[in-house]
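Engineer: pasted the sequence and its predicted model underneath.
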Amino acid sequence: MNRPALSELAGRYDLVVIGGGITGAGVFREAVRSGARVLLVEAGDYASGTSSASSKLVHGGLRYLKSGQWRLTRESVRERQRLLREAPGLVAPLPFVMPIYADRPPGRWLMQIGLRLYDAMAGVRRSAWLGAEAALAREPTLRREQLRGAMLYEDAQTDDARLVLRLIVDAVAAGGTAINYTEARLRRDGAGVAGVTLRDVAGGGEREIGAAMVVNATGAWADRLDGAPPGAPKLRPLRGSHLLFSAQQLPLRQAVSWLHPRDGRPVFAYPWEGAILYGTTDLDHDDDLAQPRPTAAELAYLIEGLQAQFPDHPLQAHEALATYAGVRPVVAGGQADPSSESRESALWTAPGLVGITGGKLTTFRVTAREVLEAAARQRPSLRPASATPLFEAQAGDRLTARYGRAGAAAIGAAPEAERLPLGDTPYCLAELRWALRHEAVLHLDDLLLRRTRLGLVSPRGGEALYAPIGALCREVLGWDETRWLRECERYRTIWRTRHAPPPP
Ligand SMILES: Cc1cc2nc3c(=O)[nH]c(=O)nc-3n(C[C@H](O)[C@H](O)[C@H](O)COP(=O)(O)OP(=O)(O)OC[C@H]3O[C@@H](n4cnc5c(N)ncnc54)[C@H](O)[C@@H]3O)c2cc1C
């Protein structure tokens with residue numbers, strides 16, 4: 001998949017999807033499969049919004065069960081089961097232990113009933129009670145004092161940015177057109193939305209494109225694209241922050257979830273991409289939507305929760321490999337507590353337009369089909385095709401799951417030196433070479449923060465790897481020294497602003 005120039009786009013499409021996060025990518029894929037001529041437009045890099053900054057869980061969300069969001073939980077756990085079957089390797093089972101203590105919530109019986117229900121909704125039986133010894137044998141890092149045992153249950157994990165990329169790459173291979181670093185504005189005629197005006201953010205230039213229908217899938221930006229049209233929801237952007245530690249710092253064998261001692265909110269830590277991912281918070285975000293970062297107060301809250309659960313590993317925020325924050329596009333429901341706001345998606349329509357926002361990564365396919373059903377009420381030819389498996393039958397190995405069959409074959413055939421892991425990470429140079437050649441990489445941050453997650457799971461954003469990565473960028477993308485230095489500067493600024501741990 002190469003990034004086309006504006007001049008290479010057609011003058012008119014059946015459908016233009018604005019927003020290259022999981023929602024837009026899902027709609028794009030479904031619409032291409034239905035035979036429509038579709039263009040996907042993303043203002044930054046693919047998945048550069050919320051969809052690279054989630055907790056990376058494919059889950060029903062136990063806390064949504066607690067708050068009575070039954071429909072959402074049921075739909076999500078069913079989608080989780082389907083994604084585990086259809087995207088093996090990219091969506092992988094994640095067994096959790098939830099330790100139960102005599103001196104703090106949650107209690108065993110309430111959790112056991114909740115998890116039975118959670119299993120029943122998914123049509124599986126995974127939850128079980130472990131006594132204290134069995135719990136410690138499974139996860140020796142748990143706090144031992146007052147430990148009664150643990151509930152075992154199962155959710156799933158993914159690499160959110162790679163999931164978005166796979167959907168887009170596959171839809172482009174099936175005949176769709178996608179362009180990143182291109183901002184869209186709506187264009188109207190007397191009858192309603194008639195297309196978009198595109199601005200090339202990278203190279204400059206504008207172009208008008210006609211469209212039978214336009215989908216606004218811009219997540220937290222949804223009410224900015226189109227003002228606040230009648231029927232559109234009012235958004236309440238909620239920030240969630242995370243810390244990444246090395247597996248040596250917090251040697252977890254598996255995922256652990258527990259309730260934060262300060263406010264009883266669920267938090268979790270689990271092994272992800274060779275590191276340990278820990279989160280999260282849920283707070284009103286009044287700042288720049290494109291530059292969320294954890295505040296000092298959030299980091300202090302997260303560290304307090306971590307130390308309460310893993311007292312033998314008294315980590316501080318400044319020791320983290322990296323941090324990141326994302327903004328949930330939550331529909332404002334008037335709740336005082338951000339965590340009580342519903343996580344359901346909201347859909348609205350106007351002549352020529354379907355808007356969609358809110359929801360979860362996990363349910364992207366259900367959302368995509370709802371969007372196309374709504375579009376088909378105005379343009380019947382956009383009705384979604386019958387549901388088929390997400391990816392053509394694929395092996396569940398890591399490379400096929402992330403890069404598709406052709407990518408995995410090319411990476412597997414690379415010289416051995418390019419297949420060695422980079423530092424303590426699961427990535428190798430051959431993967432980077434594939435991404436540079438085939439995945440519309442425009443900037444170094446695309447490569448290090450989203451095509452791979454090297455910038456999040458290596459010390460100091462992967463600084464020690466600049467030399468081989470620079471050589472590869474020069475070779476594959478033809479960057480000269482000036483361009484490489486400019487890209488390093490841009491990447492370092494992004495990393496310092498959004499991902500650097502705080503000073504000691
Ligand atoms: C902290 C946190 C943790 C979460 N954890 C989970 C989880 O574990 N599991 C789960 O299922 N869900 C989770 N979610 C929810 C999930 O991440 C989001 O629902 C989902 O990523 C939203 O995707 P989106 O495509 O709607 O938005 P985005 O990913 O933000 O995509 C919207 C895109 O639109 C682009 N855009 C905006 N304006 C324009 C324009 N004018 N022209 C072109 N493009 C434009 C933006 O650049 C952006 O890339 C979490 C969310 C957060 C914040």
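Structural biologist: Yep, it's here.
Engineer: quick one: contacts for Gly61?
Structural biologist: Counting by Cβ atoms under 8 Å, 6 or more residues apart in numbering, Gly61 touches Gln69, Leu72, Thr73, Ser76, Arg343, Lys360. C-betas here are computed from N, CA, C, even on glycine.
Engineer: to clarify, my last question referred to Val441.
Structural biologist: Ala435, Leu447, Arg451, Leu477.
Engineer: circling back: looking at the contacts of Gly61, which are in strands?
Structural biologist: Among these, DSSP state E puts none in strands.
Engineer: now pLDDT too, for these, in TSV please.
Structural biologist: Converted to TSV, those look like this (pLDDT from 0 to 100):
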residue	pLDDT
Gln69	79
Leu72	86
Thr73	90
Ser76	93
Arg343	76
Lys360	92
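Engineer: ranking by neighbours, what's the top pick from the residues you listed?
Structural biologist: Tallying neighbours with other Cβ atoms under 10 Å puts Ser76 at the head of those, with 28 neighbours.
Engineer: for the closest residue to it other than its chain neighbours, give me phi and psi.
Structural biologist: Once flanking residues are discounted, Ser76 sits nearest to Gly60: 4.2 Å by Cβ to Cβ, 6 or more residues apart in numbering. With angles defined as degrees, to the nearest 10, Gly60 sits at phi -80, psi -30.
Engineer: just Leu65 next, same as before
Structural biologist: phi -70, psi -40.
Engineer: coming back round to it: OK, contacts around the residue nearest to Ser76?
Structural biologist: By Cβ under 8 Å, 6+ apart, Gly60 lies in contact with Leu72, Thr73, Arg74, Ser76, Val77, Arg80, Tyr118, Met121, Ala122, Asp155, Thr362.
Engineer: and the first one, how far is that from Gly359?
Structural biologist: Relative to Gly359, Leu72 is positioned 9 Å away (Cβ to Cβ, to the nearest Å).
Engineer: which neighbours do those two share?
Structural biologist: Contact criterion Cβ under 8 Å, 6+ apart; residues shared by Leu72 and Gly359: Arg343, Glu344.
Engineer: returning to what we had before: for the ligand, state which of the contacts of Val441 is nearest.
Structural biologist: Arg451 (14.8 Å; Cβ to the nearest ligand atom).
Engineer: quick check: pLDDT value at the residue nearest to the closest one when sequence neighbours are not counted.
Structural biologist: Excluding the flanking residues, the one nearest Arg451 by Cβ to Cβ, 6+ apart is Ala435, at 3.8 Å. Ala435 carries a pLDDT score of 98 in this model.
Engineer: now swap in Ala228 and tell me
Structural biologist: The model reports Ala228 with a pLDDT of 65.
Engineer: and Met342, its phi and psi?
Structural biologist: Actually, residue 342 is Ser rather than Met. Dihedral pair for Ser342: phi -70, psi 150, per degrees, to the nearest 10.
Engineer: for it, give its distance to Arg328.
Structural biologist: Distance, Ser342 to Arg328, using Cβ to Cβ: 11 Å.
Engineer: have a look at those two and say which one is more surrounded.
Structural biologist: Between Ser342 and Arg328, counting by other Cβ under 10 Å, Arg328 is the more crowded of the two (24 against 17).
Engineer: a helix runs through Leu244, doesn't it?
Structural biologist: No - read with DSSP: H, G, I helix; E, B strand; the rest coil, Leu244 is strand and lies in no helix.
Engineer: that one and Ile276 touch, don't they?
Structural biologist: Yes - using Cβ atoms under 8 Å, Leu244 is in contact with Ile276, at 6.7 Å.
Engineer: quick one: low-confidence ranges for the stretch 151-300 of the chain?
Structural biologist: 228 (pLDDT under 70).
Engineer: how about the helices in it?
Structural biologist: Using DSSP state H, counting those that start in this stretch, the helices of the stretch 151-300 of the chain run over 160-173, 222-225, 296-309.
Engineer: got the buried residues for the first one?
Structural biologist: If I follow you right, that is helix 160-173. Residues of helix 160-173 classed as buried by neighbour count (16 or more other Cβ atoms under 10 Å): 160-172.
Engineer: which one of those sits closest to Leu252?
Structural biologist: The shortest approach to Leu252 among the buried residues of helix 160-173 belongs to Asp160, at 20.0 Å (Cβ to Cβ).
Engineer: quick one: contacts for the closest one?
Structural biologist: Ile22, Ala47, Ser51, Ser52, Ala53, Ser54, Lys56, Leu361.
Engineer: Thr388 too?
Structural biologist: Arg33.
Engineer: secondary structure element for it, which one?
Structural biologist: Using DSSP states H and E, Thr388 sits in no helix or strand.
Engineer: and the pLDDT at it?
Structural biologist: 86.
Engineer: now Arg262. Its backbone dihedrals?
Structural biologist: phi -80, psi -40.
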